[in-house]
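Undergrad: sequence plus predicted model, see below.
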Amino acid sequence: FIVPIIMKRSFVKLSSRLNSNSNSNLNSNININNKVPIFHVAPMMDHTNRYHRHFMRLLLKSNYLLYTEMVTSHAVLHNWKNLDPFQHLKLNNRDNIDNRDFDILNNFCNVDDVCLQLGGSDVNDMAMAASIGCKMGGYKDININAGCPSSKVAGAGCFGAALMLKPELLVDIASSVHAINGFPPSVKCRIGVTDSHGNSTTYEDLCYLIRALYERSGVTTIIIHARYAVLNKTFSPHENRTIPPIQYDVVYKLCIEFPTIKFIINGNIHTYDGCMQHIGVGLDDIMIGRGVINDPYYWHDLEGSLTTPSTSTSTSTPESPESPESPESVDPVPMIPDPLSSTPIPIPIHTPSSTIEDRIQLCRDYGRHMSIIEDSLNFEEDILSNTNTSTNTNTNTNTISISTMKKQLSMRRFMLKPLYNIFHTHPGNKKFKICLNEYNHIASNSNSNSNCHASNHVSNNIVNIDLKEYEDCGSGGSVEWIIEESLKYSVLQY
């Protein structure tokens with residue numbers, strides 16, 4: 001407990017040193033123009049897989065860019081066909097399906113709105129991995145991870161945020177990726193790094209790195225998490241997201257010093273107002289991470305919920321079109337404070353729909369899509385293998401093998417995970433998450449030849465499940481059925 005406190009104090013001192021004599025120069029360069037930002041959903045391990053990306057497409061609809069989980073160059077070179085960012089290629093054979101299902105599968109396989117994030121420290125391996133991502137995976141955007149502070153990545157792996165301590169190596173990696181693909185990658189980094197000995201990089205070091213990436217590698221897009229990364233085994237990834245103080249003004253200053261580079265800000269952004277405070281200081285795009293995971297529906301149809309506030313002081317009423325409305329009845333233009341001055345900024349209004357019916361329909365649409373996708377995968381190889389090798393006459397060859405059941409259970413867990421907080425703030429949200437997991441076990445075990453009865457996985461004190469409903473269910477325990485039953489025993493009870 002002592003180390004984080006001391007480290008936090010040092011960060012505060014470092015922040016004041018970097019920010020001194022800079023705010024007054026920045027204020028004169030701010031250009032407020034009420035832009036609607038492009039939202040980037042940050043790459044997050046165990047979250048931003050192909051199922052989460054499909055859910056984000058249904059949720060955000062437009063004005064976004066998605067990212068894969070980070071994959072290492074070594075994994076791509078030796079096992080790319082089995083990695084999540086390439087699994088959509090298995091659905092290329094779409095014969096004998098109707099047009100509606102074809103559109104769903106085509107949307108699921110689309111990577112035009114997805115950026116592949118790579119991690120690694122070998123120049124040649126990173127170049128080859130980027131080439132495989134573009135030529136085999138179909139990705140049109142590559143991002144280099146130079147910001148992950150995890151000890152497995154930046155420590156033993158010597159990449160991620162550790163690359164900020166080796167700017168020449170990072171520049172060489174970016175140059176090789178640019179050369180082999182014909183377009184520059186983007187780079188995701190922090191504003192600085194504190195190594196295991198307590199030595200911190202400076203703002204001048206950050207400027208040197210950015211200038212070298214731009215001039216020597218052609219990098220024109222840099223995503224910056226506005227915190228220092230602490231490369232210390234005592235710091236967990238969670239602590240690296242919370243203990244180092246956020247320093248947005250460092251990113252604002254970079255926007256002024258490098259006007260030809262596109263900067264995307266990231267870090268501690270959980271609300272729409274939190275996004276809009278950065279618009280007007282040279283930042284057109286915003287990257288959101290945990291905010292999308294913790295309360296996904298908040299961002300639902302965000303672009304469609306925006307209206308530019310009018311500066312007019314009078315409008316017409318329906319009863320008397322020619323007569324102006326009294327000034328007292330006019331709503332004031334919403335304002336937020338400029339983060340670098342005392343002048344308030346008018347912002348677009350965010351009015352997200354919050355009806356439970358809309359969220360329920362989104363869950364049902366997503367469940368139907370996942371069932372179609374699961375049917376397309378079909379586990380054909382596992383089922384065929386189980387049927388051909390079964391010699392025991394007491395074994396039903398039409399059932400799925402235990403190993404296949406476990407694979408299905410795991411895959412469905414990833415399919416259902418994007419829905420975990422869809423009913424955030426609703427009293428049925430916790431029970432809904434529990435039901436998703438419980439019904440996943442029921443569906444998977446009921447389709448297997450396991451001796452374990454489905455009801456053994458059900459917490460009877462939480463949900464009262466009639467297994468006969470499953471036996472009579474025409475959906476056969478599909479993802480769609482799991483979601484519908486979970487809604488019935490949770491949200492729909494309120």
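TA: Okay, I see it.
Undergrad: in the protein, which helix or strand is least confident?
TA: helix 23-27 (a mean of 37; mean pLDDT, DSSP states H and E).
Undergrad: tell me which residues in the very next helix or strand once past that one are buried?
TA: Using DSSP states H and E, the helix or strand that follows helix 23-27 in sequence is strand 38-41. Neighbour counts over strand 38-41 (16 or more other Cβ atoms under 10 Å) mark Phe39, His40, Val41 as buried. Placement of C-beta: from N, CA and C, glycine included.
Undergrad: quick one: the helices in the stretch 201-350 of the chain, in order.
TA: Along the stretch 201-350 of the chain, counting by DSSP state H, counting those that start in this stretch, helices occupy 203-217, 237-242, 248-257, 272-276, 290-294.
Undergrad: dump the buried residues of strand 38-41 to TSV, plus distance to Ala146.
TA: Output for the buried residues of strand 38-41, formatted as TSV (distance: Cβ to Cβ, whole Å):
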residue	distance to Ala146
Phe39	22
His40	16
Val41	19
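Undergrad: need those in a markdown table with distance to Pro184 and pLDDT, can you?
TA: Below are the buried residues of strand 38-41 laid out as a markdown table (distance: Cβ to Cβ, whole Å; pLDDT from 0 to 100):
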| residue | distance to Pro184 | pLDDT |
| --- | --- | --- |
| Phe39 | 22 | 89 |
| His40 | 17 | 95 |
| Val41 | 21 | 95 |
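Undergrad: need the contact partners of stretch 150-170.
TA: 70, 72, 119-121, 123, 144-149, 173, 187, 189-190, 192-193, 195, 201, 205, 208-209, 212-213, 229, 231, 233, 237 (Cβ atoms under 8 Å, 6 or more residues apart in numbering).
Undergrad: same question for stretch 203-211.
TA: Outside stretch 203-211, the residues that touch it by Cβ under 8 Å, 6+ apart are 18, 164, 167, 170-171, 189, 191-192, 222, 250, 253-254, 257-258, 261.
Undergrad: and with 7 Å instead?
TA: With contact meaning Cβ atoms under 7 Å, 6 or more residues apart in numbering, stretch 203-211 is reached by Leu18, Met164, Pro167, Leu170, Ile191, Gly192, Ile222, Val250, Leu254, Glu257, Phe258, Ile261.
Undergrad: neighbour count and distance to Leu60 added to those residues, as a markdown table?
TA: A markdown table is the format used below for the contacts of stretch 203-211 (neighbours: other Cβ atoms under 10 Å; distance: Cβ to Cβ, whole Å):
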| residue | neighbour count | distance to Leu60 |
| --- | --- | --- |
| Leu18 | 18 | 34 |
| Met164 | 25 | 30 |
| Pro167 | 19 | 35 |
| Leu170 | 25 | 31 |
| Ile191 | 27 | 27 |
| Gly192 | 23 | 31 |
| Ile222 | 21 | 23 |
| Val250 | 20 | 28 |
| Leu254 | 23 | 27 |
| Glu257 | 11 | 32 |
| Phe258 | 17 | 29 |
| Ile261 | 17 | 26 |
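Undergrad: closest to Ser131 out of these?
TA: The shortest gap between Ser131 and any of the contacts of stretch 203-211 belongs to Leu170, at 18.6 Å (Cβ to Cβ).
Undergrad: so which strand or helix has that closest one?
TA: Judged by DSSP H and E, Leu170 forms part of helix 167-181.
Undergrad: buried set for that helix?
TA: Buried, per 16+ other Cβ under 10 Å, within helix 167-181: 167, 169-178, 180-181.
Undergrad: try stretch 229-236
TA: Neighbour counts over stretch 229-236 (16+ other Cβ under 10 Å) mark Ala229, Val230, Leu231, Asn232, Phe235 as buried.
Undergrad: just stretch 206-223 next, same as before
TA: Leu206, Leu209, Ile210, Ala212, Leu213, Tyr214, Ser217, Val219, Thr221, Ile222, Ile223.
Undergrad: once you drop chain neighbours, what's closest to the fourth one?
TA: Spelled out, it's Ala212. Distance criterion Cβ to Cβ, 6 or more residues apart in numbering; nearest residue to Ala212, sequence neighbours excluded, is Val171 at 4.8 Å.
Undergrad: so the one you found touches Tyr214, yeah?
TA: No. Val171 is not in contact with Tyr214 according to Cβ atoms under 7 Å; the separation is 9.8 Å.
Undergrad: who are the packing partners of the helix or strand where Lys430 lies?
TA: If you go by DSSP H and E, Lys430 is part of helix 429-446. Contacts defined by 3 or more Cβ pairs under 7 Å, 6 or more residues apart in numbering; DSSP states H and E place helix 429-446 against helix 402-416, helix 479-488.
Undergrad: and the helices in the stretch 1-150 of the chain?
TA: Assigned by DSSP H, counting those that start in this stretch, the stretch 1-150 of the chain shows helices spanning 2-19, 23-27, 50-60, 73-79, 99-109, 123-135.
Undergrad: and these, which one's lowest on average pLDDT?
TA: By mean pLDDT, the lowest-scoring of the helices of the stretch 1-150 of the chain turns out to be helix 23-27, with a mean of 37.
Undergrad: and the contacts of stretch 203-211, which two are the farthest apart?
TA: Leu18 and Leu170 (21.0 Å).
Undergrad: and stretch 411-429, what's buried?
TA: 411-412, 414-423, 426, 428-429.
Undergrad: and of the residues you listed, the nearest to His270?
TA: For the buried residues of stretch 411-429, the minimum distance to His270 (Cβ to Cβ) is 12.4 Å, reached by Asn421.
Undergrad: I figured Ser478 hits Ser371, correct?
TA: Yes. Using Cβ under 7 Å, Ser478 is in contact with Ser371, at 4.2 Å.
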